[in-house]
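Novice: Show me how the following folds:
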Amino acid sequence: PPSTLVRDAVPGEVIVQLSLNAAHDPDFSAGMLARGRTGLAALDARLEQLAAREIRPLFDLSIDPARKAAMGMDRVFVVRFDAPEEPATAVARLDRLPEVAWAEPNGLYHTMLAPNDTYYPQQWAHDNTGQAIRYGGGTVGTIDCDTDTDEAWDIQTGSSSLVLAIIDTGVDAGHPEFAGRMVAGYDFVNGDSDPMDDEGHGTCCAGIAGAAGNNAQGIAGVAWGIRLMPVKVLDEYGSGTWEAVANGITWAADHGARILSLSLGSSSPSSAVETAVNYAFGQGCALFCSAGNANSSSPRYPAAYANTISVGALSPCNERKNPSSCDGEYWWGSSYGTGLDFLAPGTRIHTTDIRGSGGYGGGDYIDFMNGTSAAAPHAAGIGALVWSQNPSLTNDQLRNNLRTHCDDLGESGYDPETGYGRLNAYRSVLHADSAGAPSSWVVFAEGFEWNAVPGDVWSASDANRHSGFDYWGDQSGSSGARVRSGNRSAYCALNSNVAGQRYDNNMNADMTLVEAIDISGYSDVRLSFWIWCRTPAASDYLSFQLWNGAGWVEQQRWFGSHHATWRRIEYAVSGSSLRFRFVFFSNHFGTQEGAYVDDIEVTGTPAATASGGPTTLACLGEWIESAVPEEDLGMAGPAPARGTLRIAWSAGQRPTALLGFSLDRPGRVRLDVFGVDGRMVGVLQEGLLAAGSHARRWDGTGPDGAAAAAGVYYARLSLDGRAIETRPLLLVR
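Specialist: Modelled structure (predicted):
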């Protein structure tokens with residue numbers, strides 16, 4: 001059978017071939033494929049678990065159908081599903097059934113780009129084959145101990161709209177590797193607009209991050225399509241004042257740089273530099289900083305600040321660079337400790353040098369750049385690839401993406417020695433569109449899989465009532481109703497199997513959201529849903545209406561047969577609350593079917609909060625798992641609701657933290673903030689919520705509205721009276 005061990009695949013899709021017996025079983029129904037079912041009971045049970053929404057033939061059978069059938073091509077289908085399972089898990093669910101001949105993920109092919117740069121074959125950081133040049137002679141390296149940048153380039157090589165600032169000793173802007181891609185910078189050492197490198201360090205860092213690739217000369221930088229901004233804050237001896245560094249960070253953020261690479265450090269903290277870091281972070285910048293070369297358990301500053309990304313050095317033998325690592329550079333090691341984000345290649349690195357004899361070597365390139373100074377621009381370049389792939393990510397989302405897709409090293413999971421592990425450019429770029437928390441949050445979601453109609457969430461009534469029944473209900477596809485996804489939809493149609501809840505010739509029936517949705521604090525709020533509607537005459541129709549505070553206002557109505565297919569409807573809405581209903585009106589009885597509604601969703605972007613002083617809300621450390629008792633799996637009744645709590649957005653100098661959470665089913669939710677002494681600070685949410693993603697904000701105030709003191713606080717998510725997760729926050733004033 002085909003292998004399921006593919007490197008990457010399309011999420012939510014698998015390919016299956018039905019067995020010959022299954023395809024010719026009298027219960028097999030091609031008419032059910034569009035709804036994600038086959039008519040085969042055992043197979044449909046698995047498809048229902050996967051929330052399969054569509055099955056479509058893989059091959060075009062209109063040409064030479066007999067030969068294709070003889071080869072079994074008429075039995076090969078693509079299954080699209082909505083369950084959160086990985087494709088490999090979905091394959092395992094289906095592959096064991098006798099109705100399935102084989103199943104496999106819908107894997108991905110990629111072009112194979114290999115840059116033609118002269119020294120590219122020696123750049124172990126991109127593709128490690130054991131070719132790193134060891135100090136003292138010979139070559140070393142662990143195969144595939146690299147960041148997979150060569151594979152990432154098949155997807156993304158960097159966008160010219162993205163600017164990466166090298167905050168260092170300046171850059172030799174005339175180097176051919178940077179031709180046409182340098183933007184104006186500044187020299188804070190000499191106070192002029194000519195940030196020429198007179199030491200060499202900055203030019204080396206710039207080459208690692210963004211030297212031209214595939215240009216038949218020199219080396220390949222990580223993100224060769226981006227633009228580079230030289231900001232000189234260090235002098236010809238490699239030293240610079242806190243004043244210069246703070247000004248350099250601020251200047252870069254003010255002049256269009258989105259990524260800042262800082263291969264510099266100090267063992268002492270600086271309030272001035274930290275203020276600049278928080279400002280740049282609040283402007284949306286990502287700051288990649290060297291952890292330090294002292295082999296100590298404490299990263300240097302500014303890498304130690306909460307709003308920077310701390311980068312340690314990786315040796316070519318898959319370990320944190322240390323005095324005994326395989327590269328032979330015995331005199332230094334990468335610093336580590338709590339707060340380290342991850343490792344990037346940092347020793348025996350090929351890169352650019354000041355042209356001629358003015359740099360570290362006698363030519364335009366060197367092959368021995370080392371230190372976390374080399375690791376930080378490597379990580380910054382990978383960050384640039386990810387942001388080029390998805391510019392809508394926030395800086396927090398970018399950092400979460402890079403952390404999530406690291407190759408784990410050392411102890412399982414996060415550890416102070418290696419952070420989240422070795423950066424993986426390929427996986428980070430591949431998953432750039434799904435990284436981190438969404439920029440648009442699902443405020444309300446309804447697929448009618450859990451909530452009954454009528455019930456607590458939806459009421460149903462009929463203004464022309466005469467039979468004693470409500471006409472709107474919810475029903476599964478197995479009972480004849482049309483379902484867009486999942487197993488159920490809301491309906492008012494002839495196919496109902498519930499007495500009274502069906503289309504007749506004297507009805508004005510509504511399905512109304514009982515409680516208004518709070519959309520205050522959100523911008524770009526969108527309400528969408530799917531409808532299927534067919535009526536015999538224009539006098540029968542489906543109407544969608546919004547509550548304006550005084551009465552119902554119709555937005556649109558649908559009638560006739562031209563909507564007899566699933567259609568997505570979307571509206572932009574505003575205000576502080578949202579309440580809506582669907583009305584089915586009929587004064588003409590015929591053989592037409594009626595109306596179905598499914599997959600309602602309200603999304604919005606959390607509105608930015610105005611600046612309110614030097615308040616910072618930041619994530620601290622790892623998730624803290626609340627003590628949750630083991631469930632009695634033999635107990636009758638539905639499984640308890642599950643949830644996930646994330647700090648989805650935080651920003652320096654903005655006194656608001658967005659706490660995002662998602663629910664796998666409806667539940668009674670409480671989200672509160674409390675201090676380290678257990679004292680309650682605020683309740684952000686309490687009440688019944690639908691399944692889906694939600695977000696609430698904490699503005700750093702206590703229960704009396706006064707500003708809370710600086711310190712550590714905790715956000716706790718509880719579902720149905722059970723604490724599920726707790727996440728730490730740091731409030732700095």
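
Novice: CA atoms for contacts and neighbours, from now on please.
Specialist: Fine.

Novice: What ranges does the stretch 351-500 of the chain have for its strands?
Specialist: Using DSSP state E, counting those that start in this stretch, the strands assigned to the stretch 351-500 of the chain run over residues 365-369, 441-446, 458-462, 473-476, 488-493.

Novice: weakest of the ones you listed in terms of mean pLDDT?
Specialist: With a mean of 74, strand 441-446 has the lowest mean pLDDT of the strands of the stretch 351-500 of the chain.

Novice: returning to what we had before: tell me the most buried of the strands of the stretch 351-500 of the chain?
Specialist: Compared across the strands of the stretch 351-500 of the chain, strand 488-493 shows the largest average neighbour count, a mean of 27 (mean count of other C-alpha atoms under 10 Å).

Novice: now it, how far from the centre of its chain.
Specialist: In terms of C-alpha atoms, centre = their mean, to the nearest Å, the centre of strand 488-493 is found 33 Å from the chain centre.

Novice: So what touches it?
Specialist: Strand 488-493 has contacts (C-alpha atoms under 8 Å, 6 or more residues apart in numbering) with 447-449, 453, 471-477, 481-483, 501-503, 584, 593-599.

Novice: Tell me which strands that strand pairs with, and in which orientation.
Specialist: Using DSSP bridges, the strands paired with strand 488-493 are strand 473-476 (antiparallel), strand 594-606 (antiparallel).

Novice: any idea which of these scores lowest on pLDDT?
Specialist: Per-segment mean pLDDT for the strands paired with strand 488-493 reaches its minimum on strand 473-476, at a mean of 77.

Novice: What distance do you get for the closest residue to A708 other than its chain neighbours to G521?
Specialist: Of all residues not flanking A708 in the chain, T701 sits nearest, at 4.8 Å (C-alpha to C-alpha, 6 or more residues apart in numbering). To G521, T701 is 17 Å away according to C-alpha to C-alpha, to the nearest Å.

Novice: of all the strands of the stretch 351-500 of the chain, which lies closest to N106?
Specialist: For the strands of the stretch 351-500 of the chain, proximity to N106 was assessed by C-alpha to C-alpha; strand 488-493 is nearest, at 26.8 Å.

Novice: What's the first helix or strand after that closest one?
Specialist: strand 507-513 (DSSP states H and E).

Novice: what packs against that following strand?
Specialist: Secondary-structure packing of strand 507-513 (3 or more C-alpha pairs under 8 Å, 6 or more residues apart in numbering; DSSP states H and E): strand 458-462, strand 580-586.

Novice: Turn these into TSV, including distance to Q685.
Specialist: Shown next, in TSV, are the helices and strands packed on strand 507-513 (distance: least, C-alpha to C-alpha, whole Å):
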stretch	distance to Q685
strand 458-462	21
strand 580-586	22
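
Novice: how about the helices in the protein?
Specialist: Counting by DSSP state H, the chain has helices at residues 20-23, 41-49, 65-70, 87-95, 149-152, 201-210, 242-254, 271-282, 372-389, 395-404, 425-430.

Novice: Look up how far P11 lies from the residue nearest to Q49 when sequence neighbours are not counted.
Specialist: Nearest residue to Q49, sequence neighbours excluded (C-alpha to C-alpha, 6+ apart): A83, at 7.6 Å. Taking C-alpha to C-alpha as the criterion, A83 is separated from P11 by 10 Å.

Novice: Now tabulate the helices of the chain in TSV and tack on distance to P316 and mean pLDDT.
Specialist: Converted to TSV, the helices of the chain look like this (distance: least, C-alpha to C-alpha, whole Å; pLDDT from 0 to 100):
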stretch	distance to P316	mean pLDDT
helix 20-23	52	92
helix 41-49	44	94
helix 65-70	50	84
helix 87-95	31	86
helix 149-152	15	91
helix 201-210	16	96
helix 242-254	31	91
helix 271-282	31	86
helix 372-389	12	96
helix 395-404	20	89
helix 425-430	16	90
